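Asker: Return a 3D structure for these sequence lines:
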Amino acid sequence: EIRREIKAVTSTPGWQNYWKRTGYIPDYSGLRGRLAALLESGYADETLALGEELIEAGIRHVEESNDEGETAAEFVTCMDVIAKALDRSSRPTASKLTWAMEMMLYDSYGLFGSLGEYLERPHEKKDWGAVADRLLEKLQAFKTPRREDEWSRYYERDRLVDWIILAL
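Answerer: Residues are numbered from 1 along each chain as shown. Got it, this is the predicted structure:
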């Protein structure tokens with residue numbers, strides 16, 4: 001049911017015509033409620049897995065929408081539930097931190113504030129060390145940018161380096 005709702009909610013982009021005072025803002029409240037109910041029923045790992053699907057579909061939805069951020073604001077309401085699912089997940093802490101950082105790197109719109117809050121909480125040094133090692137591997141695998149996409153590749157690389165510094 002949640003997968004179907006993710007598809008349904010993200011299938012029609014949001015839009016606004018402010019001159020005519022018309023538009024469509026997608027409603028993520030039902031989806032948020034279902035995710036929260038699943039989490040409260042003790043299914044944190046399953047909620048997190050569905051959260052990954054929601055994140056992919058939600059970012060695409062935000063990109064396709066033609067509004068002033070209303071679609072993004074609706075999507076963000078679900079991220080609190082996903083952050084709670086991450087916290088309650090059975091994954092090892094280093095894996096949780098790595099997942100959160102990778103999602104932050106994936107987010108070009110500043111939608112994952114709840115995951116940022118999770119990262120700001122105190123965690124063990126050994127877990128941060130494992131995260132730094134994983135991100136350093138990612139940096140070593142980073143390809144030198146071609147001329148035509150030089151700016152964007154350096155931007156991605158710089159964001160990755162910023163997260164490595166934070167992990168260290």
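Asker: name the helices or strands packed onto the helix-or-strand element of the chain with minimal mean pLDDT?
Answerer: Within the chain, confidence by mean pLDDT, DSSP states H and E is lowest for helix 150-167 among all helices and strands, at a mean of 83. When contacts are defined as 3 or more C-beta pairs under 8 Å, 6 or more residues apart in numbering; DSSP states H and E, helix 150-167 packs onto helix 93-106, helix 125-140. For every residue, glycine as well, the C-beta is placed using N, CA and C.
Asker: quick one, that helix and helix 93-106 angle?
Answerer: Put simply, helix 150-167 runs at 150 degrees to helix 93-106, going by axes from the mean of the first three to the mean of the last three C-alpha atoms, to 10 degrees.
Asker: Stretch 68-84: how far from the chain's middle?
Answerer: Relative to its chain's centre, stretch 68-84 lies at 9 Å (C-alpha atoms, centre = their mean, to the nearest Å).
Asker: quick one: buried residues of it?
Answerer: Neighbour-count burial for stretch 68-84 flags 70-72, 74-76, 78-84 (criterion: 16 or more other C-beta atoms under 10 Å).
Asker: just stretch 30-38 next, same as before
Answerer: Those would be 31-32, 34-36, 38, for stretch 30-38 by 16+ other C-beta under 10 Å.
Asker: from the residues you listed, which is closest to G110?
Answerer: Of all the buried residues of stretch 30-38, R32 has the smallest distance to G110: 19.0 Å, by C-beta to C-beta.
Asker: what sits up against the least confident helix or strand of the chain?
Answerer: 97, 101, 104-105, 119, 128-129, 131-132, 135-136, 138-139, 142-146 (C-beta atoms under 8 Å, 6 or more residues apart in numbering).
Asker: which among these end up buried?
Answerer: Buried members of those, scored by 16+ other C-beta under 10 Å, are 97, 101, 104-105, 119, 128, 131-132, 135, 138.
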